[in-house]
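[1] Sequence and predicted structure are below.
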Amino acid sequence: MSTVLRVEGLRKSFGETSVLRGVDLELDEHEVVALIGPSGSGKSTLLKTINLLEPIDDGRILLRGEDISDPRVNVDRTRARFGVVFQHLNLFPHLSVLDNVTLAARKVHGVSRADAEARGLELLDRIGLAEKAREHPDRLSGGQQQRAAIVRAVATDPEVLLLDEITSALDPLLVGDVLELVRELAEEGTTILMATHEMGFARDVAHRVAFLDGGIVVEQGPARDVFAAPREPATREFLARFSAG
């Protein structure tokens, strides 16, 4: 498989606080990589730097071989190559669900309204939200809103889907539906980089996991190998703590 995303020696500080301290990571086409680690380990910051929401201090981010961390890169055009879902949904409250889903396709990618809406309705129907297409987001449950946000992110067929703790704000009863949608996308070959605290999901769905701690990748490898027999003491301690919880 070809490498879609490569992060090399990534460093990022906020003032005197060093958050990323030389992160190296690769993501191949059709691969799912889960970022795991304690709160404050740098997972969310890493995703934000990859999507150019935060400037980096050192290192490189390559998307299909293009250095997108180069200051001369067209930021808007580059961001349009990603699909992103963060913890906080950021659905536009004044737009219908369908308009939320089709906005990027129409405004960024130049798809006609008719084609964008046909694609959007197809995706919403697939996740059981077709009847909510004309509703505003505040008429949806938290789980429905998060699924709509994921549909919005994949509606433009992004090269990489970035997911940042997308179940953390959900009622536990709603988590399953959201994770099932991600599982389906993974099975269909969507290239996904996701930060998650759902360890069972990471073990079962991700091809590889990367354990971050203190701003570095302490350990990475095939998901089932890392969960079954972590090599590094910090990884073992983290996973044991999670199992105990």
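    Nice, I can see it.

[2] which secondary structure element contains the spatially most distant residue from the centre of the chain?
    In terms of distance from the mean C-alpha position of the chain, residue 114 ranks first, at 27.9 Å (CA atoms, centre = their mean). Following DSSP states H and E, one finds residue 114 within helix 113-126.

[3] Check the offset of the very next helix or strand once past that helix from the chain's centre.
    The helix or strand immediately downstream of helix 113-126 is helix 142-154, counting by DSSP H and E. In terms of CA atoms, centre = their mean, to the nearest Å, the centre of helix 142-154 is found 12 Å from the chain centre.

[4] again, but for stretch 83-98
    14 Å.

[5] now for that stretch, what's the gap between its first and last residues?
    17 Å (CA to CA, to the nearest Å).

[6] hang on, isn't residue 31 packed against residue 191?
    Yes - counting by CB atoms under 8 Å, residue 191 is a contact partner of residue 31 at 6.1 Å. C-betas here are computed from N, CA, C, even on glycine.

[7] Quick check: neighbours shared by these two?
    residue 4 (CB atoms under 8 Å, 6 or more residues apart in numbering).

[8] Send me the longest helix along the chain as PDB with only the CA atoms.
    Using DSSP state H, we find that the single longest helix of the chain is helix 172-187. Extracted C-alpha coordinates of helix 172-187, given in PDB (Å, rounded to 0.1, in the frame of the first residue of the first chain):
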ATOM      1  CA  PRO A 172     -22.700   6.000  26.700                       C
ATOM      2  CA  LEU A 173     -25.900   4.700  25.200                       C
ATOM      3  CA  LEU A 174     -25.100   6.600  22.000                       C
ATOM      4  CA  VAL A 175     -21.500   5.600  21.600                       C
ATOM      5  CA  GLY A 176     -22.200   2.300  19.900                       C
ATOM      6  CA  ASP A 177     -24.000   3.800  16.800                       C
ATOM      7  CA  VAL A 178     -21.200   6.200  16.200                       C
ATOM      8  CA  LEU A 179     -18.500   3.600  16.500                       C
ATOM      9  CA  GLU A 180     -20.500   1.200  14.200                       C
ATOM     10  CA  LEU A 181     -20.400   3.900  11.500                       C
ATOM     11  CA  VAL A 182     -16.700   4.300  11.800                       C
ATOM     12  CA  ARG A 183     -16.300   0.500  11.700                       C
ATOM     13  CA  GLU A 184     -18.300   0.400   8.400                       C
ATOM     14  CA  LEU A 185     -16.100   3.200   6.900                       C
ATOM     15  CA  ALA A 186     -13.000   1.300   7.900                       C
ATOM     16  CA  GLU A 187     -14.300  -1.900   6.400                       C
END
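
[9] Tell me which helix or strand comes right after that helix.
    In N-to-C order, the element after helix 172-187 by DSSP H and E is strand 192-195.

[10] So for that next one, what gets flagged as buried?
    For strand 192-195, the neighbour count (16 or more other CB atoms under 10 Å) marks 192-195 as buried.

[11] can you check stretch 235-245 too?
    In stretch 235-245, counting by 16+ other CB under 10 Å, buried: 235, 238-239.

[12] One more: stretch 152-172?
    Those buried within stretch 152-172 under the rule 16+ other CB under 10 Å are 152-156, 158-167, 170.

[13] Which stretches in the protein count as helices?
    Going by DSSP H, the chain shows helices at 43-50, 75-79, 97-107, 113-126, 142-154, 172-187, 199-205, 223-228, 233-244.

[14] For residue 4, find the nearest of the ones you listed.
    Among these, helix 43-50 comes nearest to residue 4, with 11.3 Å by CB to CB.

[15] Quick one: list the elements packing against the closest one.
    Under the contact definition 3 or more CB pairs under 8 Å, 6 or more residues apart in numbering; DSSP states H and E, helix 43-50 sits against strand 3-14, strand 17-28, strand 32-36, strand 160-164, strand 192-195.
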